[in-house]
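*Asks:* Okay, predicted coordinates and the sequence, questions at the end:
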Amino acid sequence: MHCIALRRAVLASVCFGLLATRSGAREDSNEIERWVPAAALSFDILGQRSDGAVESDNFTGPPISDGGCQTSLTGARTPGPCREPVPSAPALTPNVQGTDTTTAALVKLSLELMTPRLVVELGSPRLFAHADGSLAFAFRRKLAGAGKPGAMGLPPPPTAIDAPTQTNLSEDTILGQGNRAFSELQTGVFTAGAGFAFTAKLFGRTLRIKPSFEYLRQEIEFEGRANRAIQIAGNNGLQGGFRPRGLQDYRLLSFSASDTRIQHGIGGGLELEVDTQQIGPVLVSVFAGARAYHILGDLDVTLCSDQNQIGPSFSPDACETGTGEKVVWRFEPESVAWSGGVGLRFRFVP
């Protein structure tokens, strides 16, 4: 939905600029000798690639009971399911890794100030500076994951066609299991920059080529989830036991963690701007540009959770001690971010 709306807005901006060029911009030889403030509305795409991984230790909860719970070194067993912490071999959740690009559609409002030209030669260079605020319409990106963590519950009952077949419950059939490592760009993005504007003529139009030094401030939320169901009673119908009958025969685990990080970046940009139409004191121009940023600092993020949200936590300090029942999510954003887009600029030239 966001991409469709962005494409429509971009198309409208370009069409407006093309239609405006038919009327022609009023030639004003004094414009290049003056200070010119301007405001712009543009539509951009901002992207940054990231790697993600999900890791976990073995769970330390009661495993499936195969006729009783071992309570002594002699191997003696007591009737009923094991409900005390018992080390177990299977991993709590699958260890997975992956990569994706965090993208967002930006609606940007910019303010700019341009100086008079510095010299007549060399394209009549002028200095300019801008500051921009953007609303980001972002998607939450899955960087890594297995399954589909969500509300945990029993599988749907068999249909009439399957009757009288009964649903065979097992760890694999419990709904809502899996893990995810997410990243999502937050709503507000701030950019600023300064550079030189070189002026030329193209088909009778004033064209400005604007290389610049750029700054980016963005905020990204990193989130991890992991759900698991561990059978603690029943033996899947083998001799000497019974099939699990409901969620009471499972231990449900749900781990999650999140953190928001502010990133700062510096880089370069290039913009092409063409004057289109003079409307009173306002000179309308259409422009297109692209920017690349190097994101500063240590970008890696590690999240850990040892707190089961829907049941007992048998290793509540596992994230500190390094051993026990926990899930770890690792995020490694690349140090390069990029953006590009088109827009309209309204230059005040009375």
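*Replies:* Cool, got the structure. Numbering: from 1, shown residues only.
*Asks:* residue boundaries of the helices in the stretch 1-150 of the chain?
*Replies:* Assigned by DSSP state H, counting those that start in this stretch, the helices in the stretch 1-150 of the chain fall at 2-23.
*Asks:* Where do the strands of it begin and end?
*Replies:* 36-56, 69-70, 77-78, 96-114, 126-138, 141-147 (DSSP state E, counting those that start in this stretch).
*Asks:* P350: which of these is closest?
*Replies:* strand 36-56 (10.2 Å; CB to CB). Bear in mind the C-beta positions are built from the backbone N, C-alpha and C, glycine included.
*Asks:* what lines up beside the closest one in the sheet?
*Replies:* strand 96-114 (antiparallel), strand 327-348 (antiparallel) (DSSP bridges).
*Asks:* How many neighbouring residues does K108 have?
*Replies:* Using other CB atoms under 10 Å, the number of residues around K108 comes to 20.
*Asks:* bridging residues for the closest residue to it other than its chain neighbours?
*Replies:* What sits nearest to K108 in space, not counting adjacent residues and going by CB to CB, 6 or more residues apart in numbering, is S134, at 4.3 Å. Bridge pairing for S134 (DSSP bridges) gives the partners K108, V189.
*Asks:* Looks like S134 contacts A105 (just checking).
*Replies:* No: if you go by CB atoms under 8 Å, S134 and A105 don't touch, sitting 9.6 Å apart.
*Asks:* still on that earlier bit, let me know which of the strands paired with strand 36-56 is tucked in deepest.
*Replies:* Among the strands paired with strand 36-56, strand 327-348 has the highest mean neighbour count (mean count of other CB atoms under 10 Å), at a mean of 20.
*Asks:* The helix or strand hosting I266: which residues count as buried?
*Replies:* Assigning secondary structure by DSSP states H and E places I266 in strand 250-279. Going by neighbour count (16 or more other CB atoms under 10 Å), the buried part of strand 250-279 is 250-257, 261, 263, 265, 267, 269-271, 273-278.
*Asks:* And R205, what's its pLDDT?
*Replies:* For R205, the pLDDT comes out at 88.
*Asks:* What count of nearby residues applies to R291?
*Replies:* 23.
*Asks:* I'd assumed it was in a helix, is it?
*Replies:* No: applying DSSP: H, G, I helix; E, B strand; the rest coil, one finds R291 to be strand, outside a helix.
*Asks:* Contact partners for it?
*Replies:* With CB atoms under 8 Å, 6 or more residues apart in numbering as the criterion, the residues that contact R291 are 191, 193, 214, 216, 267-270, 338-340.
*Asks:* just these now: which is nearest E112?
*Replies:* Proximity of the contacts of R291 to E112 (CB to CB) peaks at G193, which lies at 9.6 Å.
*Asks:* which one is L175 nearest to, not counting chain neighbours?
*Replies:* For L175, the spatially nearest residue (CB to CB, 6+ apart) is G153, at 5.0 Å.
*Asks:* separation between the one you found and L169?
*Replies:* Noted for G153: a distance of 11 Å to L169, by CB to CB, to the nearest Å.
*Asks:* quick one, which of the two is more surrounded?
*Replies:* Taking other CB under 10 Å, G153 and L169 do not tie; L169 has more neighbours (21 against 12).
*Asks:* got a list of what the residue nearest to the spatial centre of the chain touches?
*Replies:* The residue lying closest to the centre of the chain (CA atoms, centre = their mean) is E184, at 2.4 Å. Each residue near E184 by CB under 8 Å, 6+ apart is listed here: 102, 138-141, 220-221, 223.
*Asks:* Show me the one in those that has more neighbours than the rest.
*Replies:* T102 (23 neighbours).
*Asks:* What residues does that residue make contact with?
*Replies:* 47-50, 138, 141, 183-185, 220, 333.
*Asks:* Next, format the residues you listed as a markdown table and append distance to L109.
*Replies:* Shown next, in a markdown table, are the contacts of T102 (distance: CB to CB, whole Å):
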| residue | distance to L109 |
| --- | --- |
| G47 | 20 |
| Q48 | 22 |
| R49 | 27 |
| S50 | 27 |
| A138 | 18 |
| R141 | 26 |
| S183 | 25 |
| E184 | 22 |
| L185 | 18 |
| I220 | 22 |
| P333 | 26 |
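*Asks:* pLDDT weak spots in this protein?
*Replies:* For the chain, the stretches with pLDDT under 70 are 1-29, 61-90, 158-167, 234-243.
*Asks:* I am finished for the moment; much appreciated.
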